[in-house]
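>>> I'll drop the sequence and a predicted model, then ask my questions.
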Amino acid sequence: MITVAVDCMGGDVGPAVTLPACAAFLSSHPTAQLLLVGKPETFAPWPHVLNNVRCSIVPATEVVAMDDPVEVALRRKKDSSMRVAITQVKDGLAQAVVSAGNTGALMAIARYVLKTLEGIDRPAIATQMPNARGGATTVLDLGANVDCTAEHLLQFAVMASALVAAATGRDEPSVGLLNVGEEVIKGSEVIKKAGVLLRNAANNGDLNFYGNVEGDDIFKGTTDIVVCDGFVGNVALKASEGLATMIAGFIREEFSRNILTKTAALVAYPVLSAFKKRVDHRRYNGAALLGLQGLVFKSHGSADAFAFEQALCRAYDAAHNQLLDNVRKRVQHVAPISAATPSELISIPTI
């Protein structure tokens with residue numbers, strides 16, 4: 001059995017979304033059990049969830065609000081549903097935790113309670129974005145680290161490789177470094193150095209490094225993984241979600257116009273519907289907080305029950321496929337390259 005702790009109070013809606021999602025998840029995962037963390041009195045409207053033998057309630061008296069400062073969440077709300085849920089992982093009572101709560105608070109509390117893995121300077125947030133190949137590209141970091149060093153980007157690539165390998169079964173997923181061009185001489189000094197580190201890691205058998213990629217490669221599916229700093233990654237994520245929303249709105253608008261556009265839209269509906277489904281960001285909900293000594297997954301705060309269920313599925317799959325052990329092994333193997341001096345690295349030409 002895989003046990004997942006759920007912060008049932010997190011997100012814009014709380015139990016009205018998280019508990020129906022838990023019910024749907026349990027129906028499709030017979031080897032899963034859930035720890036429902038939150039205020040028990042708020043769970044009453046969903047008795048069919050509470051009566052499930054694979055559910056247990058873990059009480060918490062406080063809730064981290066979406067607009068709470070990190071300091072408040074970390075220092076003052078020590079019995080919050082978010083913190084209690086994360087503590088279940090620390091204490092070995094759950095293999096993973098899922099929350100739709102305040103992202104900054106979740107990262108801060110998870111890092112404080114679980115600590116980072118040896119060899120990891122900063123945890124990173126990784127998620128999937130739909131691509132033209134019919135699959136998804138894993139992108140990180142998505143906002144946890146605005147300013148990154150080359151060593152951080154190397155660590156992100158290693159952790160994401162473990163994540164994608166665990167999810168897909170491919171041992172060596174391809175990694176691209178987001179840059180302003182494909183040429184190795186382009187980009188900032190940090191990006192150039194990151195390219196050197198990634199190429200050395202590839203030569204050492206630690207990574208399947210494709211090279212530099214550009215923004216459109218995320219959606220082309222050029223590589224399985226795209227690595228960037230948190231500022232750029234967060235912008236790309238929001239743009240992706242905005243595009244999906246625009247497409248959904250376009251389809252609705254075409255069906256509400258005059259008879260000609262309605263007829264055309266009806267004829268094109270199967271294609272439009274399939275495309276809408278492919279770019280639906282709800283299907284890719286559930287970002288992994290990589291680099292911690294425990295599995296933590298972040299759901300979008302505005303997620304509906306379907307989207308939150310996807311986050312639960314990702315957490316379950318990560319635990320089932322022993323993601324944490326795989327990350328730890330890969331990080332240990334690449335550690336000598338992270339610590340290498342410039343003279344020990346294979347350099348690239350500069351202009």
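On my side now, so go ahead.

>>> list the contacts for Y210?
By C-beta atoms under 8 Å, 6 or more residues apart in numbering, Y210 lies in contact with 174-176, 222-223. C-beta here means a position set from N, CA and C on the backbone, and glycine is covered the same way.

>>> Among these, which one sits closest to N131?
When the contacts of Y210 are compared for distance to N131 (C-beta to C-beta), T222 wins out at 8.4 Å.

>>> how far away is the closest one from A305?
From T222 across to A305, the span is 33 Å (C-beta to C-beta, to the nearest Å).

>>> Quick check: closest non-adjacent residue to R314.
G286 (3.7 Å; C-beta to C-beta, 6 or more residues apart in numbering).

>>> Please work out how many residues are found near the one you found.
25 (other C-beta atoms under 10 Å).

>>> Surely it and A136 touch.
No: assessed by C-beta atoms under 8 Å, G286 is found out of contact with A136, at 11.4 Å.

>>> that older thread, against A23, how distant is the residue nearest to R314?
Distance from G286 to A23, by C-beta to C-beta: 17 Å.

>>> Then H333?
Using C-beta to C-beta, H333 is found at 41 Å from A23.

>>> Flag the shaky bits of the stretch 151-300 of the chain, pLDDT-wise.
Residues of the stretch 151-300 of the chain that meet the criterion pLDDT under 70 lie in 243-244, 247-248, 250-262, 264-280.

>>> and with 90 instead?
Along the stretch 151-300 of the chain, the model assigns pLDDT under 90 to residues 166-171, 184-185, 236-284.

>>> Now do the strands for it: every range, in order, please.
For the stretch 151-300 of the chain, the strands defined by DSSP state E, counting those that start in this stretch occupy 174-178, 208-213, 225-227, 287-290, 295-298.

>>> For burial, what's the neighbour tally of the residue lying closest to V331 once chain neighbours are set aside?
Spatial nearest neighbour of V331, chain neighbours left out: G119 (4.3 Å); criterion: C-beta to C-beta, 6+ apart. If you count neighbours by other C-beta under 10 Å, G119 ends up with 18.

>>> Please tell me I have it right and G119 contacts Q332.
Yes: using C-beta under 8 Å, G119 is in contact with Q332, at 6.2 Å.

>>> wait, what's in contact with the closest residue to A287 other than its chain neighbours?
Spatially, and ignoring its direct neighbours in sequence, A287 is nearest to T127 (3.8 Å; C-beta to C-beta, 6+ apart). Counting by C-beta under 8 Å, 6+ apart, T127 touches 138-140, 142, 237, 284, 286-288.

>>> quick one on the thing from earlier: whichever of the contacts of Y210 end up buried, select them in PyMOL.
Remark: buried members of the contacts of Y210, expressed as a PyMOL selection using 16 or more other C-beta atoms under 10 Å:
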select buried, resi 174+175+176+222+223
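
>>> which pair in the contacts of Y210 spans the largest distance?
Once C-beta to C-beta is applied, those give V175 and T222 as the farthest pair, at 10.8 Å.

>>> Any chance of the strands of the stretch 151-300 of the chain in JSON lines with distance to E309 as columns?
Output for those, formatted as JSON lines (distance: least, C-beta to C-beta, whole Å):
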{"stretch": "strand 174-178", "distance to E309": "29"}
{"stretch": "strand 208-213", "distance to E309": "31"}
{"stretch": "strand 225-227", "distance to E309": "25"}
{"stretch": "strand 287-290", "distance to E309": "15"}
{"stretch": "strand 295-298", "distance to E309": "12"}
